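quick one: sequence plus predicted model below, questions after.
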Amino acid sequence: MTEIARVHGVGDANGERAKSLQTIYVYEAPVRIWHWANAALILVLCVTGYFIGTPLPSVPGEASASFQMGYIRFAHFAAGQTLIVFFLLRLYWAFVGNKFSRQIFYLPISKRIWWWGILYELKWYMFLVKDPKKYVGHNPLAHVAMFSFMLFLVFMMASGMALYSEGQGIDSWQYKIFGFMFSIFPNAQSLHTWHHLGMWAITIFAIVHVYAAVREDILSRQSMISSIVSGERLFRDDIDDFPR
Amino acid sequence: MGAGTETFYDVIRRQGITRRSFHKFCSLTATSLGLGPLAATNIANALETKPRVPVIWMHGLECTCCSESFIRSAHPLVKDAVLSMISLDYDDTIMAAAGHQAEAILEETRAKYKGQYILAVEGNPPLNEDGMYCIDGGKPFVEKLKLMADDAMAVIAWGACASWGCVQAAKPNPTQAVPIDKVITNKPIIKVPGCPPIAEVMTGVVTFVTTFGKLPELDRQGRPKMFYSQRIHDKCYRRPHFDAGQFVEEWDDDAARKGYCLYKMGCKGPTTYNACSTVRWNGGVSFPIQSGHGCIGCSEDGFWDQGGFYDRLTTIKQFGVEANADKIGQTAAVVVGGAIVAHAGVTVVRNMARRSKENSTDNSRSNGKSAG
Ligand code: HEM
Ligand code: HEM
Ligand code: SF4
Ligand code: SF4
């Protein structure tokens, strides 16, 4: 199969040949910028959010000389609202970007091959198949995880803004838009609790996500981490997964 | 309303209250309602000319703390004034009439003042066993309540019971007690929650409705905005300690003596809409936080079912375990983390086995991989 004519690149002095591998541009710059901004902001939100729930030991001295809780909350609110701005830009990009920029906003539940893919990917994680399939965008299982993450993110933004609107007052635009959360959670205490649980849900997503990204990067048939850095997906073999 | 009905002013003058005190009351009320200086004149004018509004005050499942609070309004005049202002026609707890005589008043008011009286409800109706858990004058309370509400102008829901259900509706709620807006659906309802509500808030609401003949502006949950639009936390005098990061850690620590913020002791001020931190209690003497105890959120929906009064992160019962968000989250994270370590371990072992078994095949094409 490897006639000289098909080989790309140059052979070296030892007669080694470069392999013929495909790359494809998947994650456009706005997607990548959003990914890393989102990850950084979530880190800030988790740390500050945790300390809002369980504040640090008391600061000594006069109250007027310190604003510790105030700064922690400020950082949380600033990061939260920046996160929302990035989310809106990402949402906009889903309309104007390439088709992979839309992937995390919907699930192709009508496609049988997609369901089959979830099962196959599950088998891969259960060590039942030798190697995973190749995908240009997210694999179907990752697709489900990303989509669920987005649901949690939307919940965090809506609940966060609702809690924020309480401080801004019930005549604020924030309350007008997000006050509906208090029809669902009439007692703000339970909204605090669910917002707090949401943090743990997202933390668990991040743990699994980073593990899966590193593992797939090493074991799968395609690049992962370099893809979300450079946008290019490299396939490490050119075996046809679905021969026609 | 029929001619010859007395005005509020007639009544208090007969009771020996001076015109000067009357005007003082009007400006005091205007201030407590957060209205401008002109409102005092409007209130005075209304009270001098308009006939008194009849009020029916019914009691369902309750503890009477709302009545107790109401009759302790700060300014002695306020209490007198309000009691005379609203021609309280029926209140089975404090009225003189009893038995059939009392029941007759209900019928009479309903017929004579159809669509004009105010129905004030303290407590709530239980629905289980057709309402048999609260019998009032031989009938289930829920039936009487619906009947009286049908011909009322508006309904006031006193306290956490009528507004949200309170302790008798707390889980598991054996009598199926429900807030009154679950059974009265055809009338505007003003919710004045609290356990009990602050006296000045109660009299303020009554004064507003009777003098202006309309409901005050209500928020999303049906509470008058003038008293319930801010949280205890927003106007708490310990707030500077909160922002500074100075908290009471134990009930008897130095921070408690210094009056630091009670957030870590489970204060529900940050999630409770009420006027305690501005109006305060017992004639403005103090309020729970000023006395060193956190707010327990008594004016909030379902405050009995929100976990401990003394926990910042309250317990979540939905998961069948008694744990707070952090405990649940940390446990889940540790379990998932452990699973990942195990998965990574198996992955490494499997790969080593696979590598030693496979001798390089068509490396240029498959890179050691297969399609399945
Ligand atoms: C060191 C940290 C991280 C690494 C190495 C990493 C790596 C990656 C990789 C490799 C992908 C592409 C997956 C694919 O090609 O199918 C990706 C996508 C994604 N990651 Fe991360 N990630 C990190 C942190 C996070 C965090 C903290 C979050 C959020 C909690 C997050 C959320 C996402 C989302 C939503 C996508 C989908 C992007 C899109 O399609 O628009 N990542 N990440
Ligand atoms: C992934 C994103 C987020 C995480 C992980 C997160 C985490 C947290 C946590 C753990 C708390 C403490 C809850 C408690 O126990 O009372 C909190 C509170 C809060 N968060 Fe977030 N949050 C996120 C997003 C947001 C956003 C987008 C906003 C909107 C501005 C926001 C606004 C707030 C507010 C207003 C509070 C209450 C602060 C207070 O009561 O002093 N959060 N957050
Ligand atoms: S004592 Fe309660 S209401 Fe007051 S600042 Fe602290 S948390 Fe807020
Ligand atoms: S401080 Fe809180 S618990 Fe106390 S009366 Fe006011 S609202 Fe109720």
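Received, thanks. Ligands and ions are numbered 1, 2, ... in the order given.

the residue nearest to B:Lys50 when sequence neighbours are not counted pairs with what?
Leaving out its chain neighbours, the residue that sits closest to B:Lys50 by Cβ to Cβ, 6 or more residues apart in numbering or on different chains is B:Thr7, at 6.2 Å. Any C-beta I mention is one placed from the backbone N, CA and C, and that applies to glycine too. Judged by DSSP bridges, the bridge partners of B:Thr7 are B:Pro51.

those helices in the stretch 1-150 of chain B, which residues are they?
Along the stretch 1-150 of chain B, counting by DSSP state H, counting those that start in this stretch, helices occupy B:8-14, B:19-32, B:37-49, B:65-70, B:76-85, B:99-112, B:128-131, B:141-150.

around the residue nearest to B:Lys50, how many other residues sit close by?
Residue neighbour count, defined by other Cβ atoms under 10 Å in any protein chain shown, stands at 16 for B:Thr7.

enumerate every residue touching it.
B:Leu47, B:Glu48, B:Thr49, B:Lys50, B:Pro51, B:Arg52 (Cβ atoms under 8 Å, 6 or more residues apart in numbering or on different chains).

ok, the first one to B:Gly165 distance?
When distances are taken as Cβ to Cβ, to the nearest Å, B:Leu47 and B:Gly165 turn out to be 35 Å apart.

which parts of the chain are strands?
In the absence of a named chain, this looks at chain A. A:23-25, A:232-234 (DSSP state E).

ah, I was thinking of chain B
B:55-59, B:88-91, B:118-122, B:135-136, B:139-140, B:154-158, B:189-192, B:315-316, B:323-324.

those strands into TSV, with extra columns for mean pLDDT, distance to B:Arg223 and mean neighbour count?
Shown next, in TSV, are the strands of chain B (pLDDT from 0 to 100; distance: least, Cβ to Cβ, whole Å; neighbours: other Cβ atoms under 10 Å in any protein chain shown):
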stretch	mean pLDDT	distance to B:Arg223	mean neighbour count
strand B:55-59	89	19	24
strand B:88-91	75	23	20
strand B:118-122	93	15	27
strand B:135-136	88	26	15
strand B:139-140	92	28	16
strand B:154-158	95	9	25
strand B:189-192	97	5	25
strand B:315-316	82	26	20
strand B:323-324	87	28	18
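
thinking again about what came up before, out of the helices of the stretch 1-150 of chain B, nearest to B:Arg231?
Among the helices of the stretch 1-150 of chain B, the nearest to B:Arg231 by Cβ to Cβ is helix B:19-32 (19.1 Å).

what angle separates the closest one from helix B:37-49?
130 degrees (axes from the mean of the first three to the mean of the last three Cα atoms, to 10 degrees).

for helix B:19-32, name the packing helices and strands.
helix B:8-14, helix B:37-49, helix B:76-85, helix B:199-212 (3 or more Cβ pairs under 8 Å, 6 or more residues apart in numbering or on different chains; DSSP states H and E).

enumerate the positions of the second one that are buried.
Of all the residues in helix B:37-49, those buried under the rule 16 or more other Cβ atoms under 10 Å in any protein chain shown are B:Ala39, B:Ala40, B:Ile43, B:Ala44, B:Ala46, B:Leu47.

the first one too?
Taking 16+ other Cβ under 10 Å as the basis for neighbour counts, the residues of helix B:8-14 that come out buried are B:Phe8, B:Tyr9, B:Val11, B:Ile12.

how about the second one: what's its closest non-neighbour residue?
Leaving aside its sequence neighbours, B:Tyr9 sits nearest to B:Glu48 (Cβ to Cβ, 6+ apart; 4.3 Å).

list the contacts of the one you found.
Applying Cβ under 8 Å, 6+ apart, we find B:Glu48 in contact with B:Thr7, B:Phe8, B:Tyr9.

tell me the one of the buried residues of helix B:37-49 nearest chain A?
B:Ala39 (20.1 Å; Cβ to the nearest Cβ).

in contact with the nearest residue to the closest one once chain neighbours are set aside, which residues?
With sequence-adjacent residues excluded and distances taken as Cβ to Cβ, 6+ apart, B:Ala39 is closest to B:Ala30, at 4.1 Å. B:Ala30 makes contacts with B:Gly36, B:Pro37, B:Ala39, B:Ala40, B:Ile43, as judged by Cβ under 8 Å, 6+ apart.

ok, now with 6 Å
B:Ala39, B:Ala40, B:Ile43 (Cβ atoms under 6 Å, 6 or more residues apart in numbering or on different chains).

please report how far the nearest residue to the last one once chain neighbours are set aside lies from B:Thr210.
This means B:Ile43. Leaving aside its chain neighbours, B:Ile43 sits nearest to B:Cys26 (4.5 Å; criterion: Cβ to Cβ, 6+ apart). The gap separating B:Cys26 from B:Thr210 is 13 Å, by Cβ to Cβ.

next: B:Asp150.
21 Å.

state the pLDDT value of the residue nearest to B:Ile43.
At B:Cys26, the pLDDT value in this model is 83.

what residues are up against it?
Counted by Cβ under 6 Å, 6+ apart, B:Cys26 has contacts B:Ala40, B:Ile43, B:Ala44.

which residue does chain B bring closest to ligand 1?
Nearest to ligand 1, among the residues of chain B, is B:Ala333, at 13.3 Å (Cβ to the nearest ligand atom).

which ones are touching that residue?
Taking Cβ under 6 Å, 6+ apart as the criterion, B:Ala333 is in contact with A:Thr203, A:Ile204.

so which bits of the longest helix belonging to chain A are buried?
Longest helix in chain A, counting residues (DSSP state H): helix A:188-219. Neighbour counts over helix A:188-219 (16+ other Cβ under 10 Å) mark A:188-206, A:208-209, A:211-212, A:215-216 as buried.

which non-adjacent residue is nearest the residue of chain B found nearest ligand 2?
Among the residues of chain B, B:Pro270 lies closest to ligand 2, at 5.2 Å counting by Cβ to the nearest ligand atom. Closest residue to B:Pro270 apart from its sequence neighbours, by Cβ to Cβ, 6+ apart: B:His233 at 4.2 Å.

where does the stretch 1-150 of chain B dip in pLDDT?
Low-confidence segments of the stretch 1-150 of chain B (pLDDT under 70): B:1-5, B:74-87.

what residues does it put near ligand 1?
Taking Cβ under 6 Å from any ligand atom, no part of the stretch 1-150 of chain B reaches ligand 1.

number of residues surrounding the residue of the stretch 1-150 of chain B found nearest ligand 4?
Proximity of the stretch 1-150 of chain B to ligand 4 (Cβ to the nearest ligand atom) peaks at B:Ser69, 9.9 Å away. B:Ser69: 23 surrounding residues under other Cβ under 10 Å.

now for the nearest residue to it once chain neighbours are set aside, how many residues are close by?
Distance criterion Cβ to Cβ, 6+ apart; nearest residue to B:Ser69, sequence neighbours excluded, is B:Pro196 at 3.8 Å. For B:Pro196, the neighbour count with other Cβ under 10 Å is 27.

the one 5 residues further on now?
B:Val201 has 27 neighbouring residues, counting by other Cβ under 10 Å.

next one: the one 3 residues further on
B:Gly204 is flanked by 25 other residues according to other Cβ under 10 Å.

shouldn't it be in contact with B:Gly34?
No - B:Gly204 is beyond contact range of B:Gly34, at 9.2 Å (criterion: Cβ atoms under 6 Å).
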